[in-house]
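Undergrad: have a look at this fold, sequence not included:
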């Protein structure tokens, strides 16, 4: 049989620029915008050396120009962009980058719509493996003696885990924006979060009440005002 030629796969990335200063838009805007006019792909914004934001755009020139004026203005100093060939997986590529890098400027991290969470399967396999290991060490399990029913006693109430407990001495209003709508919630001194008459134990639980479906990180979703009136992500309280 004749040796068949191995067909090379077509590269996804057709061109790239990495760690370019945002000052180029002030000094040589026409050059950079003409270079990427009408191209689409993935881009990343950096604040010095730290990744700040990842996005997907069908028009890279328009989207990066937009970030010089919108809520990201002044929050990034350099950018990278990767021009992609036409593919059906652009959105999924963006979602992978967001879930891996977790940039501070992205509120939503994306959802892998057709991907199956393998955690339950792994848990089942680990459980079966542990059972076999115990049987190998201790031998076959003997029949358990008949249990004598004991008088029921009152158990102590479960302590609710609230990560914002004692974070705000006098309580605090927290803020969020989603799909051009603004939301407020109230953090109590015991860490409970009240939103639209309902109580939630965690920032993510309260955030899920806003977006209804999909994945969200409540520590990135909600913000609070510091003593200077500046809005900060709740995630800043974890540092």
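TA: It's in. Quick caveat, the model's predicted, so the values are computed rather than measured. Numbering: from 1, shown residues only.
Undergrad: beyond the worst-scoring helix or strand of the chain on mean pLDDT, next helix or strand please.
TA: Across the helices and strands of the chain, mean confidence by mean pLDDT, DSSP states H and E is lowest for helix 29-35: a mean of 73. Using DSSP states H and E, the next helix or strand after helix 29-35 towards the C-terminus is strand 41-47.
Undergrad: now the angle between strand 41-47 and the very next helix or strand once past that following strand, please.
TA: Later in the chain than strand 41-47, the nearest helix or strand by DSSP H and E is strand 50-57. Angle of strand 50-57 versus strand 41-47, following axes from the mean of the first three to the mean of the last three C-alpha atoms, to 10 degrees, is 160 degrees.
Undergrad: which ones are touching residue 191?
TA: 162, 163, 164, 165, 166, 167, 201 (C-beta atoms under 8 Å, 6 or more residues apart in numbering). Heads up, the C-betas are built off the backbone N, CA and C, glycines and all.
Undergrad: only the buried subset of the residues you listed, as a ChimeraX command please.
TA: Entered in ChimeraX, the line below selects the buried ones among those, by 16 or more other C-beta atoms under 10 Å:
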select :162,164,201
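Undergrad: tell me the one among the contacts of residue 191 nearest to residue 225.
TA: Distance to residue 225 across these (C-beta to C-beta) is lowest for residue 167, with 13.6 Å.
Undergrad: so what's residue 237 up against?
TA: The contact partners of residue 237, by C-beta under 8 Å, 6+ apart, come to 164, 167.
Undergrad: do that again at 6 Å, thanks
TA: Residues near residue 237 by C-beta atoms under 6 Å, 6 or more residues apart in numbering: residue 167.
Undergrad: and it, that's in a helix?
TA: Yes. Judged by DSSP: H, G, I helix; E, B strand; the rest coil, residue 237 forms part of a helix.
Undergrad: just the residues contacting the least confident helix or strand of the chain, thanks.
TA: 24, 61.
Undergrad: how far is it from where the chain is centred?
TA: 32 Å (C-alpha atoms, centre = their mean, to the nearest Å).
Undergrad: tell me the one among the contacts of residue 191 nearest to residue 222.
TA: Distances from residue 222 to the contacts of residue 191, taken as C-beta to C-beta, are shortest for residue 164 (9.7 Å).
Undergrad: tell me which residues touch the closest one, please.
TA: Counted by C-beta under 6 Å, 6+ apart, residue 164 has contacts 187, 191.
Undergrad: assumed it was part of a strand.
TA: No. Read with three-state DSSP, residue 164 is coil and lies in no strand.
Undergrad: that one and residue 218, how far apart?
TA: To residue 218, residue 164 is 10 Å away according to C-beta to C-beta, to the nearest Å.
Undergrad: who touches both of these two?
TA: Common neighbours of residue 164 and residue 218 (C-beta under 6 Å, 6+ apart) do not exist.
Undergrad: helices of the chain, start to end?
TA: For the chain, the helices defined by DSSP state H cover 24-27, 29-35, 60-66, 90-101, 119-138, 203-211, 218-221.
Undergrad: so where's this protein shaky on pLDDT?
TA: Scanning the chain for pLDDT under 70 picks out 1-9, 29, 33, 86-90, 108-110, 112-114, 140-146, 148-160, 239.
Undergrad: quick one: residue 236 from residue 104, how far?
TA: Taking C-beta to C-beta, one finds residue 236 at 10 Å from residue 104.
Undergrad: okay, the two: which has more neighbours?
TA: Shown here are residue 236 and residue 104; by other C-beta atoms under 10 Å, residue 104 has more neighbours (16 against 12).
Undergrad: fine by me, we can end here.
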